[in-house]
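>>> 3D, please:
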Amino acid sequence: MHEMGIAASVLEAAEKEARLHPRHRVAKIGLRIGEFSGVDTESLRFCFEAIVKSYHLPPVELELEWCRIDDGKRGDELDLAYVELTDSEARTGPAGEEPTRVNPQEAVA
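Predicted coordinates for the structure are as follows:
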């Protein structure tokens, strides 16, 4: 089941990005998955949730973007699109507070 390895790698990359932003934690991860990538999205979601729970992390939302050739995409995508971070110290943020969205690909470059 390579989805477990993918889920672990995605979470690891997101946590690495969060460490670059003190007092923030990962709240949401966006992932692009191509129709020919060979990834079972339901299995990936299950594995991701299991890993998050096993590490006793606060809930992390996984948003998947399905990429099809018919929509002008390559179809083989498996890319970390973005990571949303929230203040890890605030119990409840002020109304209207937006999470910080970072693009790990730009941050690494």
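
>>> show me where this protein has its helices.
All helices of the chain, identified by DSSP state H, fall at 2-19, 41-54, 104-108.

>>> where among the ones you listed is the average confidence lowest?
Among the helices of the chain, helix 104-108 carries the lowest mean pLDDT, a mean of 45.

>>> got the contact list for the residue nearest to the spatial centre of the chain?
Centroid check for the chain by Cα atoms, centre = their mean gives Ile29 as the closest residue, at 2.3 Å. Listed by Cβ atoms under 8 Å, 6 or more residues apart in numbering, the contact partners of Ile29 are 10-11, 14, 60-63, 80, 82-84. Quick note: C-beta positions are derived from backbone N, CA and C, even for glycine.

>>> what bridges to it?
Beta-bridge pairing for Ile29 (DSSP bridges): Leu62, Val83.

>>> compare the contacts of Ile29 and tell me which is most surrounded.
Neighbour counts for those (other Cβ atoms under 10 Å) peak at Val83, which has 27 neighbours.

>>> that one and Glu63 touch, don't they?
No. Distance between Val83 and Glu63: 10.7 Å, which falls outside the contact criterion (Cβ atoms under 8 Å).

>>> overlap of the contact sets of these two?
28-30.

>>> coming back round to it: would you turn the helices of the chain into TSV with distance to Glu35?
Shown next, in TSV, are the helices of the chain (distance: least, Cβ to Cβ, whole Å):
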stretch	distance to Glu35
helix 2-19	16
helix 41-54	10
helix 104-108	21
